[in-house]
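1. sequence first, then the predicted structure, then my questions.
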Amino acid sequence: MTFDTENLALTQAIPSVLPSWSWRDYRGAFAVRWCVYRNTYSIPPGVYAMHAPTADSPILVTSNYKLSFDHLRRALSGIAAWILVLDTKGINVWCAAGKGTFGTDELVNRLHETQMAQQVTHRVVVVPQLGAPGVAAHEVLKRTGFKVVYGPVYACDLPAFLNAGMKAEPQMRRIGFSLGERLAVTPVELVQRFPQALLLLLLFVASAGLGQQGTRDIVEQGPWIALAVGSNFVTGLVLIPVLLPWLPGRAFAWKGLAAGLLLGLALAWFWPFGNVAALSVALLSVATCSFLSLMFTGCTPYTSASGVRREMRWALPMQGGLAFCGLAGWFVSRFI
């Protein structure tokens, strides 16, 4: 983070920040995408000054997840503003609003603690649109005297929003879900699921030795098992997000099932170790890809919290049933 020490006195010892990113910021953003110190990538909550703000400058609210804060300040090049950072336990705005840490009480307490009423002459705070589920505007007004205005979805639209008198164009209210956005969480999922994939690989390779040929089966089938496990995790965590708009169904479980079915059929077609084992690999692929697709339900605009709960109520039993049948067939195939 880059600090502007020349203007520090103008903001009454409030930390002053600049929009430009340092190499440490870029390194941190890259690392956190790959799940490196993801749970501790945060900044101290409080108020920060951007470009020596005055008493008339807007107050922009964000979370103390550093990547959220960094994207906000980078969008404010040339704009004097107060950045009010809430203590969301290092969680981004959208997720924190759902969890309750980006909420009414925290915003009220932070406004009082930072004495923002003494820093500005107006009584308006701009809250990110994605933080709206956690903030009751009428309660904030009642308890602090500050009116809550919900800003645009993306920080990059803030300059236009502010220049228009805090009025958002319709496109500023829409949540996109581009290929880049769909793949943004893939590195984290790959890192987090890698130990599970490795454990499954070892278990299935070991189970191959239960057959009549023992070690020889492990040697012969090991590469094929590695191919099946690896292709399942790549399909579930990479190809499904890439193909998401084109996979059938709205529920993630159905989209994952469709992708898993295609993968399972391909693996079964080329599987050289018997029809029962091939069918088992197909069933396990459908269950695995469908289950892995559920990892993305909390980070997309495709569904809601209640929708996720409804989906999981029928999806998990279905996936469990497919996995049970696949495992049963796999172990039966060891002895025939």
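-> Looks like it arrived, so ask away.
2. which residues touch Val276?
-> Residues in contact with Val276 (Cβ atoms under 8 Å, 6 or more residues apart in numbering) are Gly329, Val332, Ser333, Ile336. Bear in mind the C-beta positions are built from the backbone N, C-alpha and C, glycine included.
3. can you turn the buried part of the residues you listed into a ChimeraX selection?
-> Buried residues among these (16 or more other Cβ atoms under 10 Å), as a ChimeraX selection:
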select :329,333
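4. just send the contacts of Val276 back as CSV, with secondary structure, distance to Gly176 and pLDDT too.
-> Converted to CSV, those look like this (DSSP: H, G, I helix; E, B strand; the rest coil; distance: Cβ to Cβ, whole Å; pLDDT from 0 to 100):
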residue, secondary structure, distance to Gly176, pLDDT
Gly329, helix, 42, 96
Val332, helix, 48, 94
Ser333, helix, 46, 92
Ile336, coil, 52, 80
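5. need the contacts of Val276 in CSV with distance to Ser22, can you?
-> Converted to CSV, the contacts of Val276 look like this (distance: Cβ to Cβ, whole Å):
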residue, distance to Ser22
Gly329, 55
Val332, 59
Ser333, 57
Ile336, 63
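6. could I get the full set of strands for the stretch 101-250 of the chain?
-> For the stretch 101-250 of the chain, the strands defined by DSSP state E, counting those that start in this stretch occupy 124-127, 147-150.
7. any idea which of these is most buried?
-> strand 124-127 (a mean of 21; mean count of other Cβ atoms under 10 Å).
8. what pairs with that strand, parallel or antiparallel?
-> Next to strand 124-127 in the sheet, as set by DSSP bridges, lie strand 59-63 (parallel), strand 147-150 (parallel).
9. hmm, who's touching the last one?
-> Looking back up the chat, that one is strand 147-150. Outside strand 147-150, the residues that reach it (Cβ under 8 Å, 6+ apart) are 123-129, 132, 135, 137, 140-141, 166, 168.
10. which stretches of the stretch 201-336 of the chain have low pLDDT?
-> 298-305 (pLDDT under 70).
11. list the contacts of Val188.
-> So Val188 contacts Arg33, Trp34, Cys35, Arg38 (Cβ under 8 Å, 6+ apart).
12. does Ser57 sit in a helix, a strand or a coil?
-> coil (DSSP: H, G, I helix; E, B strand; the rest coil).
13. for Gln129, see how far away it is.
-> Here the criterion is Cβ to Cβ, to the nearest Å. By it, Ser57 lies 21 Å from Gln129.
14. next: Leu199.
-> 40 Å.
15. comparing these two, which shows the higher neighbour count?
-> Between Leu199 and Gln129, Gln129 has the larger neighbour count (other Cβ atoms under 10 Å), namely 21 against 11.
16. pretty sure that one contacts Pro152?
-> Yes. Counting by Cβ atoms under 8 Å, Gln129 does reach Pro152; the two are 6.2 Å apart.
17. common neighbours of these two, please.
-> Counting by Cβ under 8 Å, 6+ apart, the residues touching both Gln129 and Pro152 are Ala168, Arg173.
18. neighbours around Leu76, how many?
-> Using other Cβ under 10 Å, Leu76 is surrounded by 21 other residues.
19. how close does it get to Ser280?
-> Counting by Cβ to Cβ, the gap from Leu76 to Ser280 is 56 Å.
20. could you point out which of the strands of the stretch 101-250 of the chain sits nearest Ile240?
-> strand 147-150 (31.7 Å; Cβ to Cβ).
21. mind listing the helices for the stretch 51-200 of the chain?
-> Assigned by DSSP state H, counting those that start in this stretch, the stretch 51-200 of the chain shows helices spanning 66-75, 93-99, 104-113, 116-119, 137-144, 158-163, 179-183, 186-208.
22. how far is the second one from where the chain is centred?
-> Which is helix 93-99. Mean-position distance between helix 93-99 and its chain equals 11 Å (Cα atoms, centre = their mean, to the nearest Å).
23. what's that helix in contact with?
-> By Cβ under 8 Å, 6+ apart, the surrounding residues in contact with helix 93-99 are 62-63, 65, 68, 86, 88-89, 91, 102-103, 128, 130-135, 298-299, 305.
24. hmm, back to that, how about JSON lines for the contacts of Val188, with neighbour count and distance to Glu189 added?
-> What follows is the contacts of Val188, written out as JSON lines (neighbours: other Cβ atoms under 10 Å; distance: Cβ to Cβ, whole Å):
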{"residue": "Arg33", "neighbour count": "17", "distance to Glu189": "11"}
{"residue": "Trp34", "neighbour count": "11", "distance to Glu189": "11"}
{"residue": "Cys35", "neighbour count": "15", "distance to Glu189": "9"}
{"residue": "Arg38", "neighbour count": "16", "distance to Glu189": "12"}
